[in-house]
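Trainee: All I have is the shape, not the residue letters:
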């Protein structure tokens, strides 16, 4: 009985990290005009942004903090230049699992798996 109770307590702890990793990988991002604007790469506690525009000040890397349905961008060019604070996973009716990039005021990009 004790083993069963222990297993019930540990099971949720084992499931949470796998759910939190859904956002990791490469994402092709589009802005409000649906133009492709760049690629967001998320692995571990870091991210990289590669803009399609040569010399774009938003390109670069930074650190992030994961949470249940996405990540908070802590620093880097996307935060300082573009004001993007979070990348949240959503279920988009057209593209399936997607990531939306958000500022304090609005959703600015939609990113789909690459």
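Mentor: Good, I have the coordinates. These numbers were taken from a predicted model, which means no experiment stands behind them.
Trainee: Not counting residues beside it along the chain, what's closest to residue 43?
Mentor: Nearest non-adjacent residue to residue 43, counting by CB to CB, 6 or more residues apart in numbering: residue 24, 5.6 Å away. The way it works is simple: take the backbone N, C-alpha and C, and place the C-beta from them, glycine included.
Trainee: Please name the residues that touch that neighbour.
Mentor: Going by CB atoms under 8 Å, 6 or more residues apart in numbering, residue 24 touches 42, 43, 44.
Trainee: what do you get for residue 73?
Mentor: 47, 62, 63, 64, 79, 84, 85, 86, 87.
Trainee: Recalculate using a threshold of 6 Å.
Mentor: Contacts for residue 73 (CB atoms under 6 Å, 6 or more residues apart in numbering) come out as 62, 64, 79, 84.
Trainee: bridging residues for the residue nearest the centre of the chain?
Mentor: Centroid-nearest residue in the chain: residue 87, 3.9 Å away (criterion: CA atoms, centre = their mean). Beta-bridge pairing of residue 87 under DSSP bridges involves residue 71, residue 101.
Trainee: Quick check: strands, which of the contacts of residue 73 are part of them?
Mentor: 62, 64 (DSSP state E).
Trainee: For ChimeraX, write a command that selects the buried ones of the contacts of residue 73.
Mentor: Command for ChimeraX, covering only those of those found buried under the criterion 16 or more other CB atoms under 10 Å:
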select :62,64,79,84
